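>>> got a predicted structure here, sequence first:
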Amino acid sequence: MCEYATLSRSMPGGLHEHYRQVHGSIYFIYIFGYIFFFQATSRLLINYSEPYRSEILDYLFKPNFGASLHILKVEIGGDGQTTDGTEPSHMHYTLDENYFRGYEWWLMKEAKKRNPDIILIGLPWSFPGWLGKGFNWPYVNLELTAYYVVSWILGAKRYHDLDIDYIGIWNERSFDSNYIKVLRRMLNVQGLQKVKIIASDNLWEPISTSMLLDSALWKVIDVIGAHYPGTHTVRDAQLTQKKLWSSEDFSTLNSDVGAGCWGRILNQNYINGYMTSTIAWNLVASYYEQLPYGRCGLMTAQEPWSGHYVVESPIWVTAHTTQFTQPGWYYLKTVGHLEKGGSYVALTDGFGNLTIIIETMSHKHSTCIRPFLPYYNVSHQLATFTLKGSFSDIPELQVWYTKLAKPLERTLFKQLDSLWLLDSGGRFTLDLQEDEVFTLTTLTTGRKGSHPLPPKSQSFPLSYKDDFNVDYPFFSEPPNFADQTGVFEYYTNIEDKGEHRYTLRQVLNQRPITWTADAANTISIIGDYHWSNLTIQCDVYIETLNRGGVFIAGRVNKGGILIRSARGVFFWIFSNGSFRVTGDLAGWMTYTTGSVEVTAKVWYTLTLIIKGSLSSGMLNGKPLWTNIHVNYPKNGWAAIGTHSFEFAQFDNFHVEATRS
């Protein structure tokens, strides 16, 4: 069975009657991007030593090498939990400004270093608590919240020479039409007219209807961004005549099924829904795998202690589009579905170059984590294309090929023999099987880049120490600690000339405006989820009189958006002279309690020993409780934290562990 498609630059071109034609305007600007999303999903990346860290970044950002990404979307850290951890705000408090916290600045600069033309997007998920004035709501004072966001944009330029191209409102939460207008006015006042606004990073509605009913709102929004649209838009979104983006998509395990999901939606988001940008969550799975959505990144880099990383198949499916198009290219109207399953798109730079991307992803091997994918069938087929108009003179097309799903036939981003069209009248036929991606292009710059194989995988060290003795830290948080509620930063006690001059401090004293159900306690995890028997020792310093409290913990079994329900063994001391041992972070399950000579503003050494089904604890080397039965959980991370959002310090952290 032959199928026919006509590709023409000068006119839409006819399609054979058994094609479903999608009438997208040739003037849609194509911008493809991949998202580094925020929720601390790149927390471990910055801990990698060289050359491995630079190699990972090359696979992500270097043009004509790997994924060759066009867009980098980052979280504007807001101190709250955003799926897999917290990211620090540039303004913890009202009069506090620091544009060197977190790793997003570093990541944006590394991306720009490799691709100066990469598009940068910022989006808040949570906000520091002071903006809410006692409410869990960022729109209490519209000008104040707009000032906070604009300050981040100005700080990016002033301190890092980074130009932010787009700014969002509030990830997957309510928008306020008046706030969006205030934000636009403040951007303009600060000379940031070129910064465009995306709204509302949630669903197509109600933002689309609101824009149609409010001309002032319509005027200030440049892009409608929806999350996980299932390749479809809604009528009102199209009626706005604004750019439509899938501003968060994918979220799927980076196996070949995930690669199939990604390949399918990259084509069909435009074919079915006129979306000209598809942004995937997340950039790189560089967080502890047992956190929510483990390995849902474009590639995997979760072992900075070993240097091991994996270039997964979604990297090469991405390359089929990103290496052969650029922001500013146009979709041709001649795009659509193949009769026996799959789809094709065609794009041009307007100067004679042409790229055609064809995918035949089967339902079984391309199901995304969400939304529901209705059943469809893909089977072997022949597809014939004819280049017409100014494209009919193209003498040769480069061919790049990927085959997924079947291990013995698996091929990732391989260059095949070119198609010669001089004597064919611009006509060619492809033999298409299931789960394939073809890129046919006039561009000759494609490359499957490579670095030497990274070191072999190794588990987190069984013995780990950190004294936090860093005078001028490159990064505000210590290696391998992953904050789940609260923010733990390097701290210098200026007046202390002794052992505790340099410490780790929990720096939030107010609950942030949350995106998810953050825990009431602050907590940072570290280590190997499979640790079972372990001894944890840490010096602790409570700063809050009477009401303060800190803990160390082992076998912590949950994190991210599930942190409130984390189980484990938690050893607490309080400045009111008491201690507790609980089986969960929330403190609902108490193993034992008692009095102890503890007060604020004094350093103490806590030791927690867990072996089999028994646990014991020591204060300053003296047993405080012994042989308490702890049958669940059997394994988990080590952790430190505080009883509430309060200042507290930690020093000389040390863990000795065995795995289950």
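Nice, I can see it. Not measured: the values here are computed from a predicted model. Numbering: from 1, shown residues only.
>>> helix or strand: which one has residue 109?
According to DSSP states H and E, residue 109 maps onto helix 104-114.
>>> tell me which other helices or strands that helix touches.
helix 52-61, strand 71-76, strand 119-124, helix 142-160 (3 or more C-beta pairs under 8 Å, 6 or more residues apart in numbering; DSSP states H and E). No exception for glycine: its C-beta is placed from N, CA and C like everyone else's.
>>> okay, angle between that helix and helix 52-61 too, please.
70 degrees (axes from the mean of the first three to the mean of the last three C-alpha atoms, to 10 degrees).
>>> need phi/psi at residue 603.
Main-chain torsions, residue 603, degrees, to the nearest 10: phi -80, psi 140.
>>> distance check, it against residue 508.
From residue 603 across to residue 508, the span is 21 Å (C-beta to C-beta, to the nearest Å).
>>> and the two? Which one has more around it.
residue 508 (27 against 17; other C-beta atoms under 10 Å).
>>> the more buried one against residue 486, yeah?
Yes: with contact defined as C-beta atoms under 8 Å, residue 508 counts as touching residue 486 (5.2 Å).
>>> list residues touching both of those two?
79, 522, 645 (C-beta atoms under 8 Å, 6 or more residues apart in numbering).
>>> who's in contact with the last one?
So the one you mean is residue 645. Contacts of residue 645 by C-beta under 8 Å, 6+ apart are 129, 486, 508-511, 522.
>>> buried ones among the residues you listed?
When the contacts of residue 645 are checked for burial by 16 or more other C-beta atoms under 10 Å, the buried set is 129, 486, 508-511, 522.
>>> just those residues now: which is nearest residue 53?
residue 486 (26.4 Å; C-beta to C-beta).
>>> please name the spatially closest residue to that closest one (chain neighbours excluded).
Nearest residue to residue 486, sequence neighbours excluded (C-beta to C-beta, 6 or more residues apart in numbering): residue 522, at 2.6 Å.
>>> and the one you found, what does it touch?
483, 485-488, 506, 508, 641-642, 644-646.
>>> repeat for residue 121
33, 35, 71-74, 164-168, 198, 279.
>>> how about residue 348?
Residue 348 touches 9, 329-330, 332, 354-355, counting by C-beta under 8 Å, 6+ apart.
>>> do I have it right that residue 480 meets residue 44?
Yes: assessed by C-beta under 8 Å, residue 480 is found in contact with residue 44 at 7.0 Å.
>>> so where do the helices sit in the stretch 201-350 of the chain?
Listed in chain order, the helices found in the stretch 201-350 of the chain under DSSP state H, counting those that start in this stretch are 207-213, 215-220, 235-239, 256-273, 313-322.
>>> of those, which is nearest residue 576?
Between these, helix 207-213 lies closest to residue 576; by C-beta to C-beta that is 49.2 Å.
>>> now the closest one: average pLDDT?
Across helix 207-213, pLDDT averages out at 98.
>>> report all helices and strands that it contacts.
helix 215-220, strand 223-227, helix 235-239.
>>> can you pull the buried residues of the longest one?
What that stands for is helix 215-220. Buried-residue list, helix 215-220, by 16+ other C-beta under 10 Å: 217, 220.
>>> and the contacts of that helix?
177, 180-181, 183-184, 197, 210-212, 240, 242.
>>> which one of the helices and strands packed on helix 207-213 lies closest to residue 263?
That would be strand 223-227 among those, by C-beta to C-beta, at 19.4 Å.
>>> adjacent strands (with direction) for the closest one?
strand 196-202 (parallel), strand 243-250 (parallel) (DSSP bridges).
>>> give the rounded mean pLDDT of the last one.
The average of the pLDDT scores along strand 243-250 is 98.
>>> please export the C-alpha coordinates of it as PDB.
Output of strand 243-250 as PDB, limited to C-alpha atoms (Å, rounded to 0.1, in the frame of the first residue of the first chain):
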ATOM      1  CA  LYS A 243       1.400  30.800  20.300                       C
ATOM      2  CA  LEU A 244       0.300  27.500  21.900                       C
ATOM      3  CA  TRP A 245       2.900  25.500  23.800                       C
ATOM      4  CA  SER A 246       3.000  22.200  25.600                       C
ATOM      5  CA  SER A 247       4.900  23.900  28.400                       C
ATOM      6  CA  GLU A 248       5.400  20.700  30.400                       C
ATOM      7  CA  ASP A 249       5.100  17.200  29.000                       C
ATOM      8  CA  PHE A 250       6.700  13.700  29.100                       C
END
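>>> next, the angle from that strand to helix 313-322.
Using the same axes, to 10 degrees: strand 243-250 against helix 313-322 is 160 degrees.
>>> what ranges do the strands span in the stretch 401-550 of the chain?
Remark: strands assigned in the stretch 401-550 of the chain by DSSP state E, counting those that start in this stretch are 411-420, 427-432, 436-441, 463-466, 482-485, 488-492, 502-506, 522-526, 531-542, 549-556.
>>> could I get these as JSON lines with distance to residue 117?
Shown next, in JSON lines, are the strands of the stretch 401-550 of the chain (distance: least, C-beta to C-beta, whole Å):
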{"stretch": "strand 411-420", "distance to residue 117": "22"}
{"stretch": "strand 427-432", "distance to residue 117": "32"}
{"stretch": "strand 436-441", "distance to residue 117": "19"}
{"stretch": "strand 463-466", "distance to residue 117": "39"}
{"stretch": "strand 482-485", "distance to residue 117": "32"}
{"stretch": "strand 488-492", "distance to residue 117": "33"}
{"stretch": "strand 502-506", "distance to residue 117": "38"}
{"stretch": "strand 522-526", "distance to residue 117": "37"}
{"stretch": "strand 531-542", "distance to residue 117": "44"}
{"stretch": "strand 549-556", "distance to residue 117": "43"}
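>>> of those strands, which is nearest residue 236?
With C-beta to C-beta as the yardstick, what comes closest out of the strands of the stretch 401-550 of the chain is strand 436-441 (32.7 Å).
>>> ok so, going back, can you select the buried ones among the contacts of residue 121 for me in PyMOL?
Typed into PyMOL, the line below selects the buried ones among the contacts of residue 121, using 16+ other C-beta under 10 Å:
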select buried, resi 33+35+71+72+73+74+164+165+166+167+168+198+279
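>>> quick one: which of the contacts of residue 121 is nearest residue 593?
Residue 593 has its nearest neighbour among these in residue 74, at 43.6 Å by C-beta to C-beta.
>>> pull the residues that contact stretch 192-208.
Here stretch 192-208 has contacts from 121, 123, 150, 153-154, 163-173, 175, 180, 183-184, 187, 220-227, 229, 233-234, 236-237, 239-240, 245, 247-248, using C-beta under 8 Å, 6+ apart.
>>> which among the residues you listed count as buried?
Of the contacts of stretch 192-208, these count as buried by 16+ other C-beta under 10 Å: 121, 123, 150, 153-154, 164-171, 173, 175, 180, 183-184, 187, 220-221, 223-227, 229, 233-234, 236-237, 240, 245, 247-248.
>>> related to what we said a few turns ago, between the helices and strands packed on helix 104-114, which one is nearest to residue 450?
Nearest of the helices and strands packed on helix 104-114 (C-beta to C-beta): helix 52-61, 9.0 Å.
>>> for the closest one, packing partners?
In terms of contacts (3+ C-beta pairs under 8 Å, 6+ apart), helix 52-61 is packed against helix 104-114, strand 299-303, strand 308-310.
>>> next, the buried residues of it.
Buried residues in helix 52-61, defined by neighbour count with 16+ other C-beta under 10 Å: 52-53, 55-61.
>>> stretch 453-464 too?
454, 460, 464.
>>> same question for stretch 385-395.
So for stretch 385-395, counting by 16+ other C-beta under 10 Å, buried means 385-389, 391-392, 394.
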